[in-house]
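Undergrad: sequence and predicted structure below; questions after.
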Amino acid sequence: MQKAEIYCPECKWVPPGLPLWRCLDVCGNVWDTFATGGVCPKCHEKFEHTQCLSCWKLSPHKNWYHYPKKAPKELLEKLNKKKSTKVNSKEVINV
């Protein structure tokens, strides 16, 4: 499975991978919510929504994960015919 790009679904802000979110509902722990899939590592509370620290909008946590689209096999073959080097699906973006 491809690694997800993580960014706010509303404003496209990319979180820096630091412990910036607080478990306000239960224990007050501060952690990087994207390192644990929205689950507090201290009390194990699962957060279905995550607030953006840039635009402040609340979005479903799962909507922060964006997976690059795979290139269709036909497009890869076409590109490989035009180039002397091979192209794989990880090199093609925005098809």
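TA: Sure thing, it's come through. In this text the structure is predicted, and so the values were computed from the model without any measurement. Numbering: from 1, shown residues only.
Undergrad: can we go C-alpha only for contacts and neighbour counts from here?
TA: Fine.
Undergrad: mind listing what's buried in stretch 46-56?
TA: Residues Thr50, Cys52 are the ones in stretch 46-56 that count as buried (16 or more other C-alpha atoms under 10 Å).
Undergrad: quick one: end-to-end distance for that stretch.
TA: End-to-end distance for stretch 46-56, by C-alpha to C-alpha, to the nearest Å: 20 Å.
Undergrad: just use 54 as the starting number from now, easier for me
TA: Happy to do that; since the first residue is 54 now, the last one works out to stretch 99-109.
Undergrad: how many neighbours does Ile59 have?
TA: 19 (other C-alpha atoms under 10 Å).
Undergrad: part of a helix, is Asn133?
TA: Yes: judged by DSSP: H, G, I helix; E, B strand; the rest coil, Asn133 forms part of a helix.
Undergrad: how near is it to Asn82?
TA: Counting by C-alpha to C-alpha - Asn133 and Asn82 are separated by 50 Å.
Undergrad: how about residues contacting stretch 86-97?
TA: The contact list for stretch 86-97 (C-alpha atoms under 8 Å, 6 or more residues apart in numbering) reads 59, 70, 72, 74, 76, 79-80, 82, 84, 98-103, 114.
Undergrad: roughly how far is that stretch from the heart of the chain?
TA: Relative to its chain's centre, stretch 86-97 lies at 15 Å (C-alpha atoms, centre = their mean, to the nearest Å).
Undergrad: what's the mean pLDDT across it?
TA: Stretch 86-97 shows a mean pLDDT of 96.
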